[in-house]
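Student: Fold the following for me, if possible:
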Amino acid sequence: MHSVENNPNRAPSRWPMALAFSFSAIALLAVGALAWRAPFETACVIDALVFLLLMLLVALYRRTVAASLPRQLLKAGALQDAIFNSANFSCIATDAQGVIQIFNVGAERMLGYAASDVVDKLTPAGISDAQEIVARAAALSAELDTVITPGVEALVFKATRGIEDIYELTYIRNDGSRFPAIVSVTALRDAQSKVIGYLLIGTDNTVRKQVEAEQALLDQRLREQQAYTRSLVETNNAELKKARLVAEKANRAKSEFLSSMSHELRTPLNAVLGFAQLMASDVPPPSPPQQRSIEQILKGGWYLLRLINEILDLAMIESGKVTLSQEAMSLLDVLQDCQAMIAPQAEKRGIRMHFPRCGKAFYVHADRTRVKQVMINLLSNAIKYNQGGGAVTVECSRHGDKVRVSVRDSGAGLDAAQVAQLFQPFNRLGQENSTEEGTGIGLVVTKQLVELMGGTIGVDSAVGVGTTFWFELAASSAPELVLGDGDALPQVQEPQESQRTLLYVEDNPANLALVEQLIARRSDLKLLTAIDAHLGIDLARTYQPDVILMDINLPGISGYGALHILHDDPLTSHIPVMALSANAVPRDIEKGLQAGFFRYLTKPIKVVEFMDALDVALHHAAAHGLADDTHVIR
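Tutor: Numbering: from 1, shown residues only. Next comes the predicted model:
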């Protein structure tokens with residue numbers, strides 16, 4: 001806050017100017033007095049001149065004083081006049097009793113009264129809504145815990161006590177119409193802080209109220225729309241839930257029907273194929289006409305069995321019941337198996353088969369059994385729809401983080417319209433009347449299996465050149481052992497006289513080789529292996545191993561099916577069976593333990609965990625008198 005001495009805008013002191021004018025007046029009076037020593041006429045003339053000069057001096061002094069007033073005071077006066085005469089807001093001043101004393105132009109414009117109609121005649125309560133004043137008095141009485149009477153007191157009570165008071169009030173115009181206003185009330189005080197009146201400044205609040213009303217209407221409409229939308233969503237959700245339940249029920253019914261149909265068809269078909277094969281191998285052999293009839297029976301029977309299997313596969317995929325065990329697997333191992341399986345069909349048709357030679361190993365992250373199923377489907381089609389003496393070429397290549405497998409034939413090829421219709425169920429692309437057997441389901445199953453494994457499948461074809469089907473799967477590396485910090489592989493030990501037997505049932509050669517390397521470091525163990533559950537069960541019954549290590553996703557009978565057979569057989573029920581699977585989510589582990597697996601190990605193999613679990617299983621067998629425990633040494 002600036003002091004008076006330092007304020008450059010303050011009025012200059014009048015004392016020097018007053019003294020100057022005083023000395024000038026005294027000098028003139030002295031001249032007038034001395035003039036009387038002269039002759040009378042001369043003295044009168046001099047005194048008259050002195051009087052005129054004194055008048056001029058007084059006028060000059062007044063003008064000088066007026067000119068010295070600060071400009072800020074003049075500006076403040078102008079602002080006060082502008083405020084009081086503003087038509088944009090009402091300015092009403094009252095005396096201490098609340099009677100209106102000042103009623104500005106804005107008040108006249110807003111309320112329709114002339115100042116002369118209200119000054120010294122009305123109070124602000126007389127131009128306000130009476131019900132609102134009564135309600136305000138009641139609210140203030142409750143808020144301040146004192147009795148406040150309706151009227152002027154209710155309007156100025158807070159201001160009287162120095163409390164800032166701004167509130168909404170409905171003013172009533174001279175014509176009886178009403179409008180909302182925002183009113184600010186201030187108490188006016190004299191030099192002794194005594195209240196001498198009140199100032200009420202009001203602004204028309206009609207526009208804001210209209211905006212608020214429109215906003216409230218919009219909000220209401222929005223709430224109604226949201227409620228309507230929510231109702232629709234809830235109704236749709238209920239209908240969707242109902243439809244989903246119906247669909248799930250229908251899907252279960254379909255699956256149960258297909259399962260039942262599969263069983264009901266397989267049973268008589270087993271008899272048909274079995275007796276037809278017996279008749280074909282009968283002694284003496286059947287006559288040529290009989291042999292042809294038997295071949296037709298066998299051909300139709302095998303076709304019907306293939307159709308049943310493909311329909312069942314498609315139904316299981318669509319219902320989400322296909323289980324996958326995705327892990328690192330060698331494509332070359334699968335291709336070698338497929339080459340052996342498909343060779344008789346290719347030789348029968350004179351088709352040359354070209355598979356990748358042993359060289360660079362390609363590993364993918366996939367389910368080995370399903371990859372083999374995909375390859376067999378593609379190879380069978382490439383042979384079936386090839387030309388006599390044609391060729392089928394299988395190639396593998398790496399594309400970034402994917403491995404592509406291509407199956408190229410030298411058949412008639414497909415045009416663009418046929419390519420667009422591929423992968424449609426039961427669509428044989430015009431081959432329905434040909435001599436080639438087919439269901440139109442194989443490619444559909446193939447595509448869905450590839451996509452279930454996270455891969456993609458496509459086709460490139462040219463009429464008269466041939467067709468190439470390809471699929472891509474995520475690239476992987478060879479299965480590896482996982483060692484924790486500070487862990488090391490067990491040292492290779494000298495063979496012991498008495499060794500225990502571990503049977504490992506696994507269809508993935510890479511995993512078999514990995515476990516073989518581990519067990520080679522255990523002098524107290526020898527390893528038996530089986531590539532499917534059927535062979536594993538036979539080996540378990542024959543060799544009575546101390547421990548069985550079982551993969552879950554096996555071709556034919558799964559690991560769970562094999563476990564049940566082993567537990568139900570008195571010859572093998574005592575053998576602890578450990579699961580080793582790529583299905584590693586907690587739900588799978590819990591399911592495996594509940595099914596009866598002694599331990600549930602996950603891939604990739606953790607060496608220490610694997611060896612510890614193996615030792616526990618061997619101790620368990622020894623504790624139950626099933627093996628000699630003297631050689632359980634790591």
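Student: what's the neighbour count on E234?
Tutor: Neighbourhood size, E234 [other C-beta atoms under 10 Å]: 10. (Each C-beta comes from the backbone N, C-alpha and C, glycine too.)
Student: ok, now Q225?
Tutor: Neighbour count for Q225, taken as other C-beta under 10 Å: 10.
Student: which SS class is V183?
Tutor: strand (DSSP: H, G, I helix; E, B strand; the rest coil).
Student: typo on my end, it should be L378
Tutor: The three-state label given to L378 by three-state DSSP is helix.
Student: again, but for F423
Tutor: Following three-state DSSP, the label given to F423 is coil.
Student: correct me, but it touches V450?
Tutor: No. Using C-beta atoms under 8 Å, F423 is not in contact with V450; the gap is 10.5 Å.
Student: who's more crowded, the two?
Tutor: Counted by other C-beta under 10 Å, F423 and V450 do not tie: V450 has more neighbours, with 21 against 15.
Student: Output the host helix or strand of the more buried one as CSV - backbone C-alpha positions only.
Tutor: Element membership of V450 [criterion: DSSP states H and E] is helix 442-452. The C-alpha trace of helix 442-452 is given here as CSV (Å, rounded to 0.1, in the frame of the first residue of the first chain):
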residue,chain,number,x,y,z
GLY,A,442,-11.4,-82.5,-45.2
LEU,A,443,-10.3,-79.0,-46.2
VAL,A,444,-12.7,-77.4,-43.8
VAL,A,445,-11.3,-79.5,-40.9
THR,A,446,-7.8,-78.7,-42.1
LYS,A,447,-8.3,-75.0,-42.1
GLN,A,448,-9.9,-74.9,-38.7
LEU,A,449,-7.1,-77.1,-37.2
VAL,A,450,-4.5,-74.8,-38.6
GLU,A,451,-6.3,-71.7,-37.2
LEU,A,452,-6.7,-73.3,-33.8
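Student: What residues sit buried inside that helix?
Tutor: By neighbour count with 16 or more other C-beta atoms under 10 Å, helix 442-452 contains the buried residues 442-450, 452.
Student: Ok, stretch 384-400 next?
Tutor: If you call a residue buried by 16+ other C-beta under 10 Å, then stretch 384-400 has these buried ones: 384-386, 390-394, 396.
Student: What are the contacting residues of it?
Tutor: Contact with stretch 384-400 is made by 331-332, 335, 346, 349-356, 362, 379, 382-383, 403-412, 431, 436, 438, 467, 472, 475, as judged by C-beta atoms under 8 Å, 6 or more residues apart in numbering.
Student: Now which of these would you call buried?
Tutor: Neighbour counting with 16+ other C-beta under 10 Å marks 331-332, 335, 346, 351, 353, 355-356, 362, 379, 382-383, 403-412, 438, 467, 472, 475 as buried within the contacts of stretch 384-400.
Student: Next step: those restricted to helices.
Tutor: In this view, these that belong to helices under DSSP state H are 331-332, 335, 346, 379, 382-383.
Student: so how far does stretch 124-138 reach from one end to the other?
Tutor: Taking C-alpha to C-alpha, to the nearest Å, stretch 124-138 runs 18 Å from one end to the other.
Student: in it, what counts as buried?
Tutor: By neighbour count on 16+ other C-beta under 10 Å, the buried set for stretch 124-138 is 124-125, 127-129, 133, 136-137.
Student: for P150, helix, strand, or coil?
Tutor: When classified by three-state DSSP, P150 comes out as coil.
Student: quick one, phi psi at it?
Tutor: phi -60, psi 140 (degrees, to the nearest 10).
Student: and it, how many neighbours does it have?
Tutor: 18.
Student: got it, and Y228?
Tutor: Residues near Y228, counting by other C-beta under 10 Å, number 10.
Student: again with R173
Tutor: Neighbours of R173 under the rule other C-beta under 10 Å: 13.
Student: same thing with L53?
Tutor: A count of nearby residues for L53, using other C-beta under 10 Å, gives 16.
Student: first vs last residue of stretch 144-161, how far apart are they?
Tutor: Using C-alpha to C-alpha, the two ends of stretch 144-161 sit 11 Å apart.
Student: again but with stretch 116-135, I slipped
Tutor: One end of stretch 116-135 to the other measures 30 Å (C-alpha to C-alpha).
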